[in-house]
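Enquirer: 3D, please:
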Amino acid sequence: MANEMEFIEGFFAKAPHENAPGFVKAKVNIKRNDLIQWLSARDDEWINIDIKEARSGKWYASVDNWQPNEVNDASSVQTPPPASVPAGFDDGPPEDYQEGILTDDDIPF
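Expert: Residues are numbered from 1 along each chain as shown. Below you'll find the predicted structure:
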């Protein structure tokens, strides 16, 4: 089902208006009765939606049905090599470190 495009009845995505502020990334219109009917026919706890742009430039929404591949044999799972620690970061916590207590000086930005 990962290759099949599934549209959401009653849910429409559009590009933001040309005068919209930069933090507006998409416009969504909902046709309430159609969306309720579509949702009622599903038993998923979560429905993931991708907002996409077609080659024509038209925006649309589709269900993200991606599922990880099932792995039956634990030996076939590849683990990434351990990440190297940059110099100066392998010393551990500072001497005055106390679990759960942070100050502004502890934040690196």
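
Enquirer: so where is the protein shaky, pLDDT-wise?
Expert: Counting by pLDDT under 70, the chain has low-confidence residues at 1-3, 71-78, 81-109.

Enquirer: At which residues are the helices of it located?
Expert: Taking DSSP state H to define them, one finds helices in the chain at 32-40.

Enquirer: Do a quick rundown of the strands in the chain.
Expert: 11-14, 27-30, 49-53, 59-63 (DSSP state E).

Enquirer: Generate CSV for those, with mean neighbour count as supplementary columns.
Expert: Just so you know, the C-beta spots here come from the backbone N, C-alpha and C atoms, and that holds for glycine as well. CSV is the format used below for the strands of the chain (neighbours: other CB atoms under 10 Å):
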stretch, mean neighbour count
strand 11-14, 18
strand 27-30, 12
strand 49-53, 14
strand 59-63, 17
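
Enquirer: okay if I get those as a markdown table plus distance to D43?
Expert: Output for the strands of the chain, formatted as a markdown table (distance: least, CB to CB, whole Å):
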| stretch | distance to D43 |
| --- | --- |
| strand 11-14 | 18 |
| strand 27-30 | 21 |
| strand 49-53 | 17 |
| strand 59-63 | 14 |
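
Enquirer: Out of the ones you listed, flag the one nearest M5.
Expert: Of all the strands of the chain, strand 59-63 sits nearest to M5, with 5.3 Å by CB to CB.

Enquirer: tell me what the closest one is packed against?
Expert: In terms of contacts (3 or more CB pairs under 8 Å, 6 or more residues apart in numbering; DSSP states H and E), strand 59-63 is packed against strand 11-14, strand 49-53.

Enquirer: In the sheet, which strands lie alongside the first one, parallel or antiparallel?
Expert: So that's strand 11-14. strand 27-30 (antiparallel) (DSSP bridges).

Enquirer: Ok, the last one next?
Expert: When pairing is defined by DSSP bridges, strand 49-53 lines up against strand 59-63 (antiparallel).

Enquirer: hang on, the earlier thing: ok, which of the helices and strands packed on strand 59-63 comes nearest E4?
Expert: strand 49-53 (13.4 Å).
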